[in-house]
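Visitor: I need the structure of the sequence given here:
(2 chains)
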Amino acid sequence: MIIEIGHFSTIVALVLSVFGMASAALALKTRNPDWARSGRMAVTLIFVLLGVGMLSLVYAFIIRDFSVLYVANNSNSKLPFFYTVAAVWGGHEGSLLLWVFILSVFSTLAVWLHWRTQPAIMPYLIGVESAIIFGFLCLIVFLSSPFERLLPVPLDGKDLNPLLQDPAMVMHPPMLYMGYVGFSIPFSFAMAALFSGRLGEEWIKVTQRWSTFAWMCLTTGILLGGYWAYYELGWGGYWGWDPVENASFMPWLVGTAYLHSVLVQEKRKMFKVWNLFLIIVTFSLSLIGTFLVRSGVLTSVHSFATDPERGLYILIFVGTVIGIAFGALILRSNKLKSQVEMDSLISRESIFLFNNLFFLVAAATVFLGTLYPLILETLQDAKVTVGPPYYNAVFMPIALGLLFLMGIGPYIPWRKASVASLKKSFSTPLLAGAVIVVLLFVTGIHNLYALAGSYVVAFAGMAIVLDFGKISQLYAQRNGSNILQGSLAAFTANQRRYSSMLTHIGVLVLVVGIIASTVYQTEKVVSMRVGDEFTIGDYRMKLTKIHEVAGGNWNAQEGVFEVFDGESLITELRPQKRIYSATQTPTTESAIYAINMGHIFLTMPEVSEDGVTVARGVLNPLVLWVWGGGVIMGLGVILNILRPRKKEE
Amino acid sequence: MRIRFTFWLVVLLVIPAPLFATMQDETDVDVQVREIAKTLRCTVCQTENIWESGAPLAQQMRGVIRERIALGHSTEEIRAYFLSRYGDYILMEPPKHGVNWFIWVAPFLLLLVGGFFLYKEVTHWVRDTPTPPNQPTPPLDDQARKRIERELES
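Guide: Residues are numbered from 1 along each chain as shown, chains lettered A, B, ... in the order given. Just a heads-up that it's a prediction; the model follows:
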């Protein structure tokens, strides 16, 4: 009964989304503010109704109502309670519902937050958001409903995929979706700017915090996913360039380009078309990503055929959104021609353009790599794999270029940089890079990637530290305070700039983590019996026993390994080989010990009947920097969003 | 009788086993298996190589690699063997021949062409922008510095 209420609410929300579009159109036509107000009501009600829909599904999972097809497919009587709630977005139908629910939350927030300051924009915002909600709800209601009943009712559910039974499942998908969906707000404002012809900087300033927030969610979602894959999949890596990861990485890349490029328009009122183009591409990639992943097209052209209706619908919907958006952009482009004033090739605005070029090429590369197997299969009936070796090879130079630009961009003045100022800003960083490379080379690091990466990281890092140090000193001198207070004063005085620099530092830390843990990962796989030992790096692992352990819905064989550094016991690691009872799926649970900012990572891929165990040890040096960098990036972004409002904003 | 004998023999052999704990290490063959396995795709997984994949098929394929090494085949021969059986699909990256060159070259081509046009466009804009009279920047005096600080804080 409850699930029917949810189903019904969702259908009503679908009807209301039509009403939202209609009232937006009428508000524009009649100029009667009552229509906009009723549109606002529609959007708000959609949020409430979809909330009811979500809750009804959550309820069905909690009471384990296996008469609901979706619950039966993604839950089980023994599934721990904690995961039954996360299982709501464990499958296709539920994820779509979560997506559109988050969309309705953001739409409602945006409409109420900007109602008073942006009255002229409201009808457009309501119209565009309702239209996207409509598109998603049609898919959910007509083609992939999570509310369908199953007859006869099965005795038990099929269970949630064991790989998804993890605390990260609670946070990772919602974060990612908040990122995707968050970009819909700047997108809607951009569309409003295009439709209404109010093409100034207003929409960018109003949505700056929205885009930054969306970017933060997307970044967090991606990094969280990486960490999850790292300890759950058990091969010791966090990024496999698989199509699903790529789908989230593409909007991230273009979204990052957008976040930088809007600064030029804010400051110099140039590149209007370009920024509109970037936000349209960002949001389109969010849609494409969600849909391609969800429809299963990416795995193979053949899985597209297994559900042609969904696939076709998805294609038409995404095509329509992109078509309308670009159509409007092209129609307006003559109005958007802004006088470009460029004083020098060596200027902040020019560097931003090259930054954009690199980000777009990076995104295009991921796009091409992800779709290439599909294209080749369709055109030539040949199958190829585009895997990590490809991406690592082509991405490295692009990433190095971006990092280099990151080092110079913030310290090149707007309009024009003089040779003297270039020397002043960059001679020390260039030298710092060289010193680091020499030091690393002397200490035995000869890998070309590692050296090139370290050079650029040291260069960019030094540029940031140097600049901030100077400003801090200036403040300290003026206030007669110490350097610490000075830096605090400098930071708060220009929080937007320095919070971004903090994010940049986070990126550098992350890059160091990636380089170290990729280039200097060591791995060893040995067969052993209880009592045997093996060494990896400086550590010695001794298998002391193997015993059976049981969780609520799984049984496992657990190995107990004592880890020694020299003769001293540092820890005990307990990797498991689990069998989930409902599906009889085996998983390998890794055991991790953090030491010297890196990880000792241990899994037990095989345990045979006669007591021979295959143990797999991986040393990931500095891998903690990957997520540490992520945390610093997040901190920078939060400080950016929470910065005090300035008069002109 | 024989069963009992075997039983006690096993017991006697097993009890002192921990006393003779041995240091296990990878053999050269293990390392070679890993190197080869990392370049081959697990055909039933999503872009995972057969080294990292836990799928039974991947395990079988690792076994095949091991057998072939034991037969004295070289790394190249083993890769060629898999290539002949599964086609290009088995490799983790598109082999650099024929139409696949496109995907290897495209990113850099894009960067070069894009960079070239961007450079052209920017220099074009710079030419079209009237240059303000060029004065040497005077060194900062105290007053200017104060003003900068004020602006920084506003």
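Visitor: how about stretch A:104-114: buried residues?
Guide: Buried residues in stretch A:104-114, defined by neighbour count with 16 or more other CB atoms under 10 Å in any protein chain shown: A:104, A:105, A:106, A:107, A:108, A:110, A:111, A:114. Glycine gets a C-beta too; all of them are placed from N, C-alpha and C.
Visitor: could you list every residue that touches the residue lying closest to residue A:630 once chain neighbours are set aside?
Guide: Excluding the flanking residues, the one nearest residue A:630 by CB to CB, 6 or more residues apart in numbering or on different chains is residue A:223, at 4.1 Å. Taking CB atoms under 8 Å, 6 or more residues apart in numbering or on different chains as the criterion, residue A:223 is in contact with A:626, A:627, A:630.
Visitor: can you list the domains in chain B?
Guide: Domain ranges of chain B: B:26-90, B:96-124, per automatic domain parsing.
Visitor: If we go by neighbour counts, what in the top helix by length along chain B is buried?
Guide: Of all segments of type helix in chain B, defined using DSSP state H, the longest is helix B:101-128. Within helix B:101-128, the residues that count as buried by 16+ other CB under 10 Å are B:103, B:104, B:106, B:107, B:110, B:111, B:114, B:118, B:122, B:125, B:126.
Visitor: Same check on stretch A:372-385?
Guide: A:372, A:373, A:374, A:376, A:377, A:384, A:385.
Visitor: for stretch A:255-275, same thing?
Guide: By neighbour count on 16+ other CB under 10 Å, the buried set for stretch A:255-275 is A:255-265, A:268, A:270-275.
Visitor: for stretch A:331-344, same thing?
Guide: Using 16+ other CB under 10 Å as the burial criterion, the residues of stretch A:331-344 that qualify are A:332, A:336, A:340, A:342, A:343, A:344.
Visitor: what does stretch A:482-493 give?
Guide: Applying a neighbour-count criterion of 16+ other CB under 10 Å, the buried positions in stretch A:482-493 are A:486, A:487, A:489, A:490, A:491.
Visitor: how close does the third one get to residue A:410?
Guide: If you measure residue A:489 against residue A:410 using CB to CB, to the nearest Å, the figure is 19 Å.
Visitor: Same check on the second one?
Guide: The spacing between residue A:487 and residue A:410, counted by CB to CB, is 17 Å.
Visitor: count of residues packed around residue A:28?
Guide: A total of 17 residues lie near residue A:28 under the criterion other CB atoms under 10 Å in any protein chain shown.
Visitor: check contacts around it.
Guide: Under the criterion of CB under 8 Å, 6+ apart, the contact list for residue A:28 reads A:123, A:124, A:127.
Visitor: Past the lowest-mean-pLDDT helix or strand in chain A, which element shows up next along the chain?
Guide: Taking mean pLDDT, DSSP states H and E as the measure, helix A:301-306 is the helix or strand of chain A with the lowest mean score, a mean of 47. As assigned by DSSP states H and E, the chain's next helix or strand after helix A:301-306 is helix A:308-336.
Visitor: For that next one, enumerate the helices and strands it packs against.
Guide: Using 3 or more CB pairs under 8 Å, 6 or more residues apart in numbering or on different chains; DSSP states H and E as the contact criterion, the neighbours of helix A:308-336 among helices and strands are helix A:122-138, helix A:184-196, helix A:272-295.
Visitor: which one of those lies closest to residue A:595?
Guide: Between residue A:595 and the helices and strands packed on helix A:308-336, the shortest gap by CB to CB is with helix A:272-295, which sits at 35.9 Å.
Visitor: Now do the same for the closest one: mean pLDDT, whole number.
Guide: The average of the pLDDT scores along helix A:272-295 is 86.
Visitor: tell me the angle that helix makes with helix A:308-336.
Guide: Helix A:272-295 runs at 180 degrees relative to helix A:308-336, counting by axes from the mean of the first three to the mean of the last three CA atoms, to 10 degrees.
Visitor: any idea how far helix A:272-295 is from the chain center?
Guide: Helix A:272-295 has its C-alpha centroid displaced from the chain centroid by 14 Å (CA atoms, centre = their mean, to the nearest Å).
Visitor: got the angle for that helix vs helix A:122-138?
Guide: 20 degrees.
Visitor: Now do helix A:272-295 against helix A:184-196, angle only.
Guide: Here helix A:272-295 runs at 130 degrees with respect to helix A:184-196, directions being taken by the same axes, to 10 degrees.
Visitor: Which strands and helices lie in contact with helix A:272-295?
Guide: When contacts are defined as 3+ CB pairs under 8 Å, 6+ apart, helix A:272-295 sits against helix A:92-113, helix A:168-182, helix A:184-196, helix A:243-268, helix A:308-336, helix A:348-380.
Visitor: Among these, which comes closest to residue B:7?
Guide: Closest approach to residue B:7 among the helices and strands packed on helix A:272-295 is made by helix A:168-182 (48.7 Å; CB to CB).
Visitor: what does the stretch 301-450 of chain A have sitting close to chain B?
Guide: Counting by CB under 8 Å from any CB of the partner chain, the residues of the stretch 301-450 of chain A close to chain B are A:340-345, A:350, A:353-354, A:357-358, A:360-361, A:364-365, A:368-369, A:372, A:376, A:380, A:382-390, A:393-394, A:397-398, A:401, A:418.
Visitor: what stretches of chain A score poorly on pLDDT?
Guide: Screening chain A residue by residue with the criterion pLDDT under 70, one finds the ranges A:294-308, A:338, A:646-649.
Visitor: the domain parsing of it - what is it?
Guide: Listed domain ranges for chain A are A:1-162, A:166-334+A:346-377, A:392-520+A:629-641, A:522-620 (source: automatic domain parsing).
Visitor: And those domains: which comes nearest residue B:88?
Guide: domain A:166-334+A:346-377 (9.2 Å).
Visitor: What number of residues are in the vicinity of residue B:145?
Guide: The burial metric for residue B:145, expressed as a neighbour count using other CB under 10 Å, is 13.
Visitor: so what pLDDT did it get?
Guide: For residue B:145, the model assigns a pLDDT of 73.
Visitor: Quick check: it vs residue A:475, distance?
Guide: As for residue B:145, its distance to residue A:475 is 12 Å (criterion: CB to CB).
Visitor: Ok, which of the domains of chain A comes nearest residue B:63?
Guide: Ranking the domains of chain A by their distance to residue B:63 (criterion: CB to CB) puts domain A:522-620 first, at 11.8 Å.
Visitor: I'd like the distance from that closest one to the chain centre, please.
Guide: Remark: domain A:522-620 is offset 31 Å from the chain centroid, using CA atoms, centre = their mean.
Visitor: that older thread, may I see the buried residues of stretch A:482-493 arranged in JSON lines, with secondary structure and distance to chain B as well?
Guide: Conversion of these to JSON lines gives the following (DSSP: H, G, I helix; E, B strand; the rest coil; distance: CB to the nearest CB, whole Å):
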{"residue": "A:486", "secondary structure": "helix", "distance to chain B": "12"}
{"residue": "A:487", "secondary structure": "helix", "distance to chain B": "14"}
{"residue": "A:489", "secondary structure": "helix", "distance to chain B": "9"}
{"residue": "A:490", "secondary structure": "helix", "distance to chain B": "8"}
{"residue": "A:491", "secondary structure": "helix", "distance to chain B": "11"}
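Visitor: any chance of these in a markdown table, plus distance to residue A:312?
Guide: Below are the buried residues of stretch A:482-493 laid out as a markdown table (distance: CB to CB, whole Å):
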| residue | distance to residue A:312 |
| --- | --- |
| A:486 | 62 |
| A:487 | 57 |
| A:489 | 59 |
| A:490 | 56 |
| A:491 | 53 |
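Visitor: Need the max-distance pair from those residues.
Guide: Longest distance between any two of the buried residues of stretch A:482-493 is 9.6 Å, between A:486 and A:491; criterion CB to CB.
Visitor: following the lowest-mean-pLDDT helix or strand in chain B, which helix or strand comes up?
Guide: Every helix and strand of chain B was ranked by mean pLDDT, DSSP H and E. The lowest is helix B:2-14, at a mean of 68. Next along the chain after helix B:2-14, taking DSSP H and E as the criterion, comes helix B:28-37.
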